[in-house]
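Asker: no letters, just coordinates:
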């Protein structure tokens with residue numbers, strides 16, 4: 001990997017799936033071992049942006065790439081200008097990079113045309129990369145509907161093959177930076193959100209252009225509050241009334257910078273999602289109680305309205321919605337042990353993310369956003385490796401820690417944040 005390449009020199013669809021498994025939603029492993037070449041761009045090109053400044057920030061500030069680092073850069077064909085700029089920035093600091101291109105059509109064909117008997121095959125190429133790279137930088141390349149209709153059992157089987165690879169990544173402390181965090185302006189997401197790609201791009205890049213010193217300070221203050229606390233209580237006008245214990249649990253911050261302290265800590269602390277700005281904590285097992293209600297949530301390209309989850313003794317006991325649960329219920333039913341466990345409390349702290357009033361956009365890192373996640377929580381430092389994750393955002397949430405308000409009516413409470421009420 002001593003040079004840049006805009007062709008795929010091996011199983012980099014599997015590597016893209018490996019990066020996907022690092023995200024905060026359920027893994028969708030493609031599991032390919034074959035070589036592939038860049039495909040034509042699918043859909044209209046993404047809106048123009050100042051990729052050079054973004055690339056510089058990602059490489060030097062977020063990932064902290066240094067001389068000698070081996071860096072895997074992956075994304076879709078739409079992302080080539082940004083991926084190229086990231087590769088150049090890596091070279092400027094003396095690192096070596098490989099650029100991987102993924103397409104939605106390839107991801108789908110690997111299920112439609114490859115026999116199911118290979119779903120459980122060890123992804124050796126991806127494991128070799130996990131054993132050797134120092135940094136992974138990825139854009140959100142997948143579209144929600146790409147795997148719609150693929151049997152859930154096949155997706156789950158391939159996801160399981162990546163669990164040893166994820167364990168290797170965490171053990172080695174590979175630095176992982178993902179651009180998008182639910183906002184990447186691809187064509188499908190723009191359509192789902194009812195926003196132009198230009199407007200969605202503006203929301204994402206303004207979020208990435210946040211004051212990182214402020215994010216670090218705000219994140220540290222909320223981290224301290226949660227670390228000293230015991231009981232988290234979340235309520236909302238929509239009917240959420242949920243309690244969970246976090247006593248003694250480690251609290252992590254995604255503030256856009258993988259610091260020396262994060263690298264020393266290792267594991268989940270070496271992952272960052274941009275636009276950054278989240279504080280998150282996994283629960284004390286068996287303590288989640290109550291009801292979580294979300295106005296809407298997108299799953300495999302479909303919108304679910306009025307989602308209601310009920311919990312008792314740490315496990316979800318009921319999942320209903322005003323709309324059809326469709327593929328969500330199918331995938332949930334096919335998933336294994338741990339699918340019903342409450343996973344993560346996540347608080348957004350980024351004041352630079354401005355979502356239009358009434359928009360269905362759910363953004364983890366928006367200041368005041370409260371996301372209560374079900375299932376897989378390894379990304380947050382937990383130990384639930386199930387290949388299922390569901391992250392409903394509670395609209396206009398009020399969150400307290402031992403009675404102290406941290407979020408009120410969907411906004412961070414001062415002095416926990418500075419300038420969070422813009």
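Answerer: It's in. Just so you know, these numbers come straight off a predicted model, no measurement behind them. Numbering: from 1, shown residues only.

Asker: SS state for the residue nearest to residue 50 when sequence neighbours are not counted?
Answerer: Nearest in space to residue 50, with sequence neighbours left out and distances taken as CB to CB, 6 or more residues apart in numbering, is residue 205 at 7.6 Å. In short, each C-beta sits where N, CA and C put it, glycine included. Assigned by DSSP: H, G, I helix; E, B strand; the rest coil, the conformation of residue 205 is helix.

Asker: burial count for residue 205?
Answerer: 21 (other CB atoms under 10 Å).

Asker: for the one 4 residues further on, same thing?
Answerer: For residue 209, the number of neighbouring residues by other CB under 10 Å comes to 14.

Asker: show me what contacts the nearest residue to it once chain neighbours are set aside?
Answerer: Distances taken as CB to CB, 6+ apart put residue 352 closest to residue 209, at 6.4 Å, once the chain neighbours are dropped. By CB atoms under 8 Å, 6 or more residues apart in numbering, the contact set of residue 352 is 206-207, 209-211, 275, 422.

Asker: from the residues you listed, which two are the most distant?
Answerer: 275 and 422 (14.3 Å; CB to CB).

Asker: the more surrounded of the two?
Answerer: Between residue 275 and residue 422, counted using other CB under 10 Å, the more crowded position is residue 275 (29 against 8).

Asker: residue contacts, the closest residue to the more buried one other than its chain neighbours?
Answerer: Spatially, and ignoring its direct neighbours in sequence, residue 275 is nearest to residue 207 (2.8 Å; CB to CB, 6+ apart). Residue 207 makes contact with 181, 183, 274-277, 350, 352-353, 363, 365-366, according to CB under 8 Å, 6+ apart.

Asker: pLDDT value on residue 207, please?
Answerer: With respect to pLDDT, residue 207 has a value of 94.

Asker: same check, this time on residue 60
Answerer: 95.

Asker: could you pull up phi and psi at it?
Answerer: phi -90, psi -30 (degrees, to the nearest 10).

Asker: and what of residue 72?
Answerer: phi -100, psi 130.

Asker: with the one 4 residues further on instead?
Answerer: Phi and psi for residue 76, reported as degrees, to the nearest 10, are phi -90, psi 170.

Asker: ok, now how distant is it from residue 329?
Answerer: 29 Å (CB to CB, to the nearest Å).

Asker: tell me which other helices or strands the lengthiest helix in the chain touches.
Answerer: In the chain, assigned by DSSP state H, the helix with the most residues is helix 212-228. Helices and strands touching helix 212-228, by 3 or more CB pairs under 8 Å, 6 or more residues apart in numbering; DSSP states H and E, are strand 251-254, strand 278-281, strand 404-408.

Asker: how far off centre is the first one?
Answerer: In terms of CA atoms, centre = their mean, to the nearest Å, the centre of strand 251-254 is set 14 Å apart from its chain centre.

Asker: how many neighbours does residue 212 have?
Answerer: 19.

Asker: disregarding residues adjacent in the polypeptide, which is nearest to it?
Answerer: According to CB to CB, 6+ apart, the nearest residue to residue 212 is residue 256 (4.8 Å).

Asker: assess the claim that the one you found and residue 276 are in contact.
Answerer: Yes. The pair residue 256 and residue 276 qualifies as a contact (CB atoms under 8 Å) at a distance of 3.3 Å.

Asker: overlap in contacts of those two?
Answerer: 62, 210, 212, 215.

Asker: surely the second one and residue 274 touch.
Answerer: No. With contact taken as CB under 8 Å, residue 210 and residue 274 are classed as non-touching, separated by 9.3 Å.

Asker: touching both of these two, which residues are there?
Answerer: residue 256.

Asker: so these two - more neighbours on which side?
Answerer: Remark: of residue 210 and residue 274, residue 274 carries more neighbours, 27 against 22, as counted by other CB under 10 Å.

Asker: for the more buried one, give me its contacts.
Answerer: 58, 62, 177-181, 207-208, 256.

Asker: could you rerun that using 10 Å?
Answerer: 54, 57-58, 62, 137, 139, 177-181, 183-184, 204-205, 207-208, 210, 254, 256, 350, 365 (CB atoms under 10 Å, 6 or more residues apart in numbering).

Asker: how far away is it from residue 105?
Answerer: For residue 274, the distance to residue 105 - CB to CB - is 26 Å.
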